[in-house]
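S.K.: sequence and predicted structure, then a few things I'm wondering about:
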2 protein chains.
Amino acid sequence: MSAFEVGNKLVEMCRAGDFRGALEAVYAEDIVSVEAQDLSGEGREVRGLDAVRGKTEQWESSNEVHSCEVDGPYPHDDRFTVHFKLDVTPNSGPMAGQRFQMQEVGLYTVKDGKVAREEFFYHMG
Amino acid sequence: MSAFEVGNKLVEMCRAGDFRGALEAVYAEDIVSVEAQDLSGEGREVRGLDAVRGKTEQWESSNEVHSCEVDGPYPHDDRFTVHFKLDVTPNSGPMAGQRFQMQEVGLYTVKDGKVAREEFFYHMG
């Protein structure tokens, strides 16, 4: 699959709210996932599909998602980007109970038809 | 300036419709600009501020811009992204007179406080 085809699959599943299914469908076993900021206090980078599954489950269990708009994918060679608009309320941590909106862009690099690297672009606080 | 500061300046000027002013304010002399597709028929990549000025003037003179929404900047280390929603009517070329809407993401790499590389992500046709 091309980067655009992988991106379309990812966007389709994210729009359906199936973030965990998206991992299984289009992520490589050796995926590297890099945040713009160390929001969790556990570092910005995680490596491997198991670690990304854990990060996704942690995020889903600690946030109530009111809405998630997903625009894209926008391809460029073996990469694509996706624009996310999130409206969430964290249920733990320093922001617990405080509903907020944020936007971010994901930059995805595709190798052998799978997402091998994802980098999130945003500015928080 | 950090990538986020450079991005804020770029976004502010693009929102004001001052694309040429943005080049003078935040672009490096040796800027490299890469399109996702060869829409002009003259190649995907241009190098140097003079060439990017020419590309910008060419684009402005060949399109009527009805609106341009600019979201961002979204930073990540020495890079930032910007999300554009365009509503334009080309006045020349194969699409002349056909109003259309498109979205794209720009990925900008900052060196020494200036944009040294820009890459546009989109899918046309």
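M.R.: Here it is on my side, so go on. Numbering: from 1, shown residues only, chains lettered A, B, ... in the order given.

S.K.: can we go C-alpha only for contacts and neighbour counts from here?
M.R.: OK.

S.K.: quick one: stretch A:50-66 to chain centroid distance?
M.R.: How far stretch A:50-66 lies from its chain's middle: 10 Å, per CA atoms, centre = their mean, to the nearest Å.

S.K.: so for chain A, the centremost residue is which one?
M.R.: Taking CA atoms, centre = their mean as the criterion, residue A:106 is the residue nearest the geometric centre of chain A, at 6.6 Å.

S.K.: that residue and chain B: what is the separation?
M.R.: Taken as CA to the nearest CA, to the nearest Å, the spacing of residue A:106 relative to chain B amounts to 9 Å.

S.K.: so the residue in chain A sticking out farthest from the centre: helix, strand or coil?
M.R.: For chain A, the largest distance from the centre (CA atoms, centre = their mean) belongs to residue A:97, which lies 22.1 Å off. Secondary structure for residue A:97, judged by DSSP: H, G, I helix; E, B strand; the rest coil, is coil.

S.K.: all helices for chain A, in order.
M.R.: When assigned using DSSP state H, the helices of chain A occupy the ranges A:3-15, A:19-26, A:49-62.

S.K.: would you mark the buried spots in the lengthiest strand in chain A?
M.R.: For chain A, the longest strand by residue count, based on DSSP state E, is strand A:63-76. For strand A:63-76, a neighbour-count test (16 or more other CA atoms under 10 Å in any protein chain shown) marks A:63, A:68, A:70-76 as buried.

S.K.: average model confidence for that strand?
M.R.: The average of the pLDDT scores along strand A:63-76 is 96.

S.K.: how far off centre is that strand?
M.R.: 9 Å.

S.K.: could you do stretch A:91-100 as well?
M.R.: Worked out by CA atoms, centre = their mean, stretch A:91-100 lies 19 Å from the chain centre.

S.K.: average pLDDT for it?
M.R.: Throughout stretch A:91-100, pLDDT has a mean value of 92.

S.K.: how about stretch A:116-125?
M.R.: Confidence over stretch A:116-125, taken as the mean pLDDT, stands at 95.

S.K.: right, and the residue farthest from the centre of chain A touches residue A:64 too?
M.R.: No - the pair residue A:97 and residue A:64 does not pass the contact test of CA atoms under 8 Å, sitting 9.4 Å apart.

S.K.: could you tell me which residues touch both of these two?
M.R.: Common neighbours of residue A:97 and residue A:64 are listed as A:89-91 (criterion: CA atoms under 8 Å, 6 or more residues apart in numbering or on different chains).

S.K.: can you select the buried ones from the residues you listed in ChimeraX?
M.R.: Buried residues among the shared contacts of residue A:97 and residue A:64 (16+ other CA under 10 Å), as a ChimeraX selection:
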select /A:89,90
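
S.K.: now, which of the shared contacts of residue A:97 and residue A:64 lie within strands?
M.R.: Filtering these for strands - DSSP E - leaves A:89-90.

S.K.: so what's the residue lying closest to residue A:38 once chain neighbours are set aside up against?
M.R.: In this structure, residue A:38 finds its nearest non-sequential neighbour in residue A:44, 4.9 Å apart by CA to CA, 6 or more residues apart in numbering or on different chains. With CA under 8 Å, 6+ apart as the criterion, the residues that contact residue A:44 are A:34-38.

S.K.: as TSV, the shared contacts of residue A:97 and residue A:64 with distance to residue A:112 would be great.
M.R.: Rendered in TSV, the data for the shared contacts of residue A:97 and residue A:64 read as follows (distance: CA to CA, whole Å):
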residue	distance to residue A:112
A:89	37
A:90	36
A:91	38
